[in-house]
Every structure is written in C-alpha cells, then in structure tokens.
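Colleague: This is a predicted model, with the sequence first.
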Amino acid sequence: MAPTASGVAFMVSQLRGRWFMLYGSFLIMSAAGATSIFAVYSKDIKARLGYTQEELNTVGFFMDLGANVGVHAGLIAEVAPPWLVLSISAIMNLGGYLMLYLSVAGRVGSTTPLWLACLYIFVGANSQTFSHTCALVSSVRSFPGSRGAMLGLLKGFLGLSGAIFTQLYLAFYGGRIGADTRSLILLIGWLPAIVSVAFLGTIRVTPATKQASTACREFRAVRCLLYLSLVLAAYLMVAIILQKRFSFNSTEYGVSTGIILTMLLVPLAIVQREEAAVALIHETSDMALAEASVVDVATEPTPQPEASTSTAMKNPANTMVRTLRSLRPRPPPRGQDHTILQALVSVDMLLLLTASAVGVGGMLTAVYNIGQIGESLGYPQRNIATLVSLVSIWSYLGRVTSGFGLDTALVRHNLSTPLLMFVVLLLAVPGHLLVAFGMPGSLYPASMVIGFCYGATQPLVLAIISELFGLKYYSTLSNFGPTVCPLGTYILNVRVAGRMYDLEAARQSGAGGGHAMEGMIATCIGVRCYRDSFLIIAVATAVAAAVIVTLAWRTWEFYAAQEDMKEQSGDGRQGIPRHRAHVVVPDRCVNNPPLPTKMGELFLNTLPPPPPRSRKALLDLFNDEVDLLQLSSFWPPLLRLPITTPQAKPCCSCCCCCYRRPPPRLAAGPSVPPRHVNVPFCDDNRERKSKGFERAGRSGDDRDDGRSTAGMDLYSFRKHEYYGDNMDDYGGGQNHRCEQVDDMRHLLE
C-alpha cells in the first residue's frame, strides 16, 4: 500500500505543480484565439443575417472590443481564485457563441437585430480575457525569471489557435470549407469551454525555487517547449500548403488533425521530467536544511537598525523633509510598482496606449478583413482559409520571436523594448502597402508580414508595462494595453475601411458591375475596394511608430541603467541564467584585506582590454571573492591567465586569496545548494598544497615533487591543485584528494 500511496501523492504533486500548470496554460491559450478566424465565418453572418459590409465590420468591432477589454477580468483576478475566473470564462464563451450560432442557423427567429448579434459576439469574445488573464498572470508569476519567454510562448500558442481551429473544423465537419461555416461557430463555442473546465484545479500561482541550478534547468526546459511549438507551427504550415495544393477528404483531414493533437500532448514528457527534478531538489533541500544546524554558516554582516534610527534622531530636519516629500503625489520611479491610477496618468502609459491603439488597430483591420479582401481580389474560398491560417501561424512566430528576443538578443545588443516595438511597427507598413496595391499573389506575403507584426506587438506591450510599472498590479495593468486596441480598430475598420468598401460597392452596383448577395447586399470587386483605406492605415501605422520612438527616447536612460545593473550583478536579463557558480566566502581576508582589488587590477591589466562595463563588473566580482574559474566562464581570456607573478602568493596559511580559493570550511545555509561549498582537502594533502601555493609565486621554482609551475596557466594549475601530482590520472582514485573534489568539479562545470 505504501508504494501505491506514494505514487498517488507523486501524481497529485505533478498535477498541481507549476510545470503542469504551464502546460494547462498552453492548452487554454491554444483554444482561446478564435477571434483571429472571424474572416472564415464572417461571410455566413453577412449573408444569412442580411448585413452590409459596414454592419458586418460593426459586428467585428464588438468582437474585437470583447476580446480586448479585460480590465474587469484583471480586477476580478486580483481578488478571486483562478478556478472561479476560468469558470466565468467557460460560461460566457459557451453562452455567447452558442446564441450566435443559433441566430445564424435561423433557430431563434427569422431575423436578428444588429445590436443583438453584437451582444452575442461581445459576450463570447470577452470570455477570452478571463482565460487569458488567468493563464498569463499565473505563468508569469510562477516563472518570474523567464518573464519574456513565458509571454512569448503563451502568446505564441494563442497565435496558433486560429490555425488549430481551422484544422479541427475541417476534420470534425467534413472539410466543407466555404460551403457552410455555421458549424465553425458552434465549435468555437464548446471547445474552449471544455478546455477551461478541464484545468480548473491546475491553473494557480506556484512559487519557484530560488536556486541557480534550478534557473538554468528552467531555461533549458523553456527552450525545449519553444522547439516543440516551432515544430507544431512548421507542421501546420506544411499541412496548409498541402491542403491548398491537393484536395483532401474527411479521412485525410482527420489524420492531419490527429497529428496536431499528438503534438499538443508531447510537452507532457517535459512536464513530467521537470516535476520529477523539482521533487528531487525539494528532497535535497530538506536534507540540507536538516544538516544546517550542525554546519558552520558563512554569512555576510547585516546592517544594524539602531544606527539608522540614531541617525534619524540626530537629524530631525531631514526626517521632516522626507515626510513632507512622501506626502506629495509623485509617482514612483520607472521600474517600481505603480498603483493603477499612477500608471494610467503617466505620460509613458499614454504614449504606449496611443501607439497600441493606432498600430495594432491597423493590423487588426487587415486580419479581420482578410476574407473580404481575398474575395474582392478574386481568391477562391479555399485560398481565403489558407490566408487566415497563414496569419495565425506568422502571428505565432512573431509572438515567440519578440518574447524570446527580450531574453536573448536584447541583452547582447543593449536595445530597449520600446525600440524593438518601433522596428515591428515600421515593418508593418510594407504589409499594408501590399494590401493597398493588390498585386497578383501579394496577399500571401502581406498576410505573413501583418500576422508576424501583429503577433510581435503582443508580448512587447505586456513586457513594457511590466518593466515600467512593476508586477504588483500586473493582472489589471496588463489588460489596459489590449483595451485601447478596439478604439483604433473601430476608427480604421468601421469608419474607414468599411465605409469606403460600401461606397465603392454602391458605385459598382450603380454602374451595373456589382454583384448582389441576398438580393440587396452589394459586394465590391477589384483593387479599389481597399486601396484608399489601407493607404490611410499605412500612414497611421507610421505615426504610431513615431509615437513609440518618443517613448523609447524618454525611457532610454532607464533601460541603460537596467543593463548596467544586470551586467554588474552578472544576471543578465531575466530568464538568461549565467552558467557560473556563485561564491560565498568571509567578507575579508584577515591577513591582507586589500589584496583582492590589487590582484583584480593586476590580472585585468595582463588581458586584452575588456569593455568598460565588463571591467567594472569583473572588479566587483574580485571584490566579492569570486573564484577565477567562475570569472573565466563569461570572460574566456581569464582561463589562460599565467599565475607565476610576484604578487601571486598566499596571504595566509588557510587560503589563497590570489586564486580566490576560500578557507577549508564547509559553508552551507538555508539556500540550497549554497553559493559555494568549500572543499576540505585531506590533512595529509593540506601542507603539500600550502607549499605549492608559496612556490607558485617564484617563477621557475620546482616543487617538492620535481614538477614546475612556471608558465602554467590557471586551468592547469587548478587541475594540479585539485588532483594532486598525477594530473593524468583523472578519476583514477588518487590518494591525495578527497571525495568532495568531485562535488566541486560538478559545481564549477
């Protein structure tokens, strides 16, 4: 019974672990992006309900409004448990889209007023804000060290949702794309609701383990998930191309969809592996904490609160000034936690929301009208479905590219997030121009460019909000970015694109060249239908790029300071672990305090000159008593540093500050593994190694064993130090080393 109970407990811990929570978030986001395929079934709404193009665009606007206005969802998520938020999402999604399906199918009356159709689609689309907020905030708070990667992956699966829904529809309903898309509305209604209910007990905030080894492993696992999602996107792209080239039947669509569902289950293997590793780390931590009471702990001196109190008492005037300043309604500095009101009234937020409303609004206009654009240019319905899937897949690529770009490329090039958003908005302008001029076949590259840019803006807006205004009220603030997008969509889509389309359709009908739909509904044919409107959208997108450049200029010093702090701490941008062990040693060497700084200057002067920031970071690490082997992991010239310098001699008998080897005393503490575990060498070896350190300072002197350290580099000397005289007998069981050396070797590697 005991093994069975243990197995059940392990399964329960996995199902409630943060990695399975992340997997559940992936599936929820994969089923929550149905708004991107509005162009597939919008033709049936227009035809069966008798709407004009402007009225259809109004329905699309309310869908966009519901999908993006999620401030109330964020406020509810601040006080309600995640399972309640997901339950609300499931009920709203099923109710809204089910009523829309019944209206289009003609089962709730002969006619449906425009306001009622807008209400149905608003409720159904607004359910996605609850599921988005719950999955996104839970993942970001559970993986704070991989914030950009989480945003990119989750938003990426949201981008793939449209292509996945299209394939599911083709498999479930016989592949009659273009013949009748009412069943697609029904699929959008029941599938996301089932997925949300399935993970009610899984989605929650799970604190991460604060260990360097865990951070490295976490980043590797996130990269594996990225690779799997890229494989899924590549397969969807191949499937779409094959379906466009060949005629598939229902069985072939079913096989293709089965492969997609299998790919969605593959991440479970990574989830199981990571949860098992987390369980092992927790077990090791418990054992180390049990031993901490009998182990000497190396700690850093803590500041005395009495000193600050006495200083405040001695300077009552300064205290009064600080108190008066604290009463002034000044917002906190950038990067610190802002309240909701402080963030909303800031100029930075105003610039960000303006750029999002105009830039993203123009992209959404293209996404929602891709079906009508293709129809006006003479594309068959099968090709229109291909265009919608291309937008979805390239939206995914944009999301993961911008998300992981925040954690990798931006660190190396010292770029700010607003500057990257400027590049994305500028890239969208050629996509709009391709739609405007309507050259043969230009709609395919246009859908790719616009889909990529639309996807790339989503993680960038969320990342800018978290970087500038903090994470305390992130559930609510993260919903303000998408909330303003419907405003730009309404102006550009309804008032500009929709009205110009109807005017051109009316002109063609009056001239005898129009096509009627349902007797009274005119359809526009030709390049002129969307040419003028997308020229206006291209200009508006360029203006949005200029606005975001203003934000980049205002926050330039903030991001530069952030990069300086990250370089000095060696952490890099969050989510990029430095493969370098951290070290804790006594605050100063008791016999020669200034030696670390002198040795740091000496060593750096013998190397190729590093950049100023890197040099300062290296000197700070020398002052923190960091091992040179650890420094060499991110400054390779240190690995071949000669050690036979006159200054390279020990300052005491217990350690060698020249080589940053701490005294032979086990340092452990509550943080497991400790930042450095000192290696206690055997008693019969300690004297020999002390002599070796002393002789290392005299160039050319031979050691007792006849070997010379002259010209020996740091790597060879450390190998000689660890493994004794027989350096070639690695792992051969020498008599002059302890078993703890293996632990140190693994720590350094």
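Modeller: Arrived safely, thanks for sending.
Colleague: Kindly state the domain boundaries assigned to this structure.
Modeller: If the domains of the chain are taken from automatic domain parsing, they occupy 9-281+345-558, 595-748, with pieces of a single domain joined by a plus sign.
Colleague: and the lengthiest helix in the chain, what does it pack onto?
Modeller: Scanning the chain for the helix with the most residues, using DSSP state H, yields helix 212-245. Other elements packing on helix 212-245 under the criterion 3 or more C-beta pairs under 8 Å, 6 or more residues apart in numbering; DSSP states H and E are helix 18-30, helix 147-172, helix 250-265, helix 267-291, helix 381-405. C-beta: built from backbone N, CA, C; applies to glycine.
Colleague: And the third one, what's buried?
Modeller: Taking 16 or more other C-beta atoms under 10 Å as the basis for neighbour counts, the residues of helix 250-265 that come out buried are 252-254, 256-257, 260, 263-264.
Colleague: on that earlier part again, so for the longest helix of the chain, what gets flagged as buried?
Modeller: Of the residues in helix 212-245, those with enough neighbours to count as buried (16+ other C-beta under 10 Å) are 212-215, 217-219, 221-222, 224-226, 228-229, 232-233, 235-237, 239-240, 243-244.
Colleague: Over to stretch 460-469?
Modeller: Neighbour-count burial for stretch 460-469, counted by 16+ other C-beta under 10 Å, picks out 460-469.
Colleague: Could you list the alpha-carbon positions for it in PDB?
Modeller: The C-alpha atoms that make up stretch 460-469 are tabulated as PDB, following Å, rounded to 0.1, in the frame of the first residue of the first chain:
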ATOM      1  CA  LEU A 460       6.200  43.700 -26.300                       C
ATOM      2  CA  VAL A 461       3.300  45.700 -25.000                       C
ATOM      3  CA  LEU A 462       2.900  43.400 -21.900                       C
ATOM      4  CA  ALA A 463       6.700  43.500 -21.300                       C
ATOM      5  CA  ILE A 464       6.900  47.300 -21.400                       C
ATOM      6  CA  ILE A 465       4.000  47.500 -18.900                       C
ATOM      7  CA  SER A 466       5.800  45.100 -16.500                       C
ATOM      8  CA  GLU A 467       9.200  46.700 -16.900                       C
ATOM      9  CA  LEU A 468       8.000  50.300 -16.400                       C
ATOM     10  CA  PHE A 469       5.200  49.900 -13.900                       C
END
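Colleague: shaky segments in this protein?
Modeller: Low-confidence segments of the chain, defined by pLDDT under 70: 1-10, 13, 174-179, 208-215, 281-330, 406-414, 511-522, 562-749.
Colleague: so where do the strands sit in the chain?
Modeller: 515-517, 521-523 (DSSP state E).
Colleague: rewinding a little: could you single out the most deeply buried of the helices and strands packed on helix 212-245?
Modeller: helix 147-172 (a mean of 26; mean count of other C-beta atoms under 10 Å).
Colleague: hmm, back to that, among the buried residues of stretch 460-469, which one lies nearest to Asp532?
Modeller: Taking C-beta to C-beta as the measure, Val461 is the one of the buried residues of stretch 460-469 closest to Asp532, at 28.7 Å.
Colleague: follow-up on the earlier one: which one of the buried residues of stretch 460-469 is nearest Ala31?
Modeller: The nearest one, if we look at the buried residues of stretch 460-469 relative to Ala31 and count by C-beta to C-beta, is Leu462, at 20.0 Å.
Colleague: Name the nearest residue to Pro418, ignoring sequence neighbours.
Modeller: Of all residues beyond its chain neighbours, the one nearest Pro418 is Ala552 (3.9 Å), with distances taken as C-beta to C-beta, 6 or more residues apart in numbering.
Colleague: Any idea how far apart the tips of stretch 549-559 sit?
Modeller: For stretch 549-559, the separation between the terminal residues is 14 Å (C-alpha to C-alpha, to the nearest Å).
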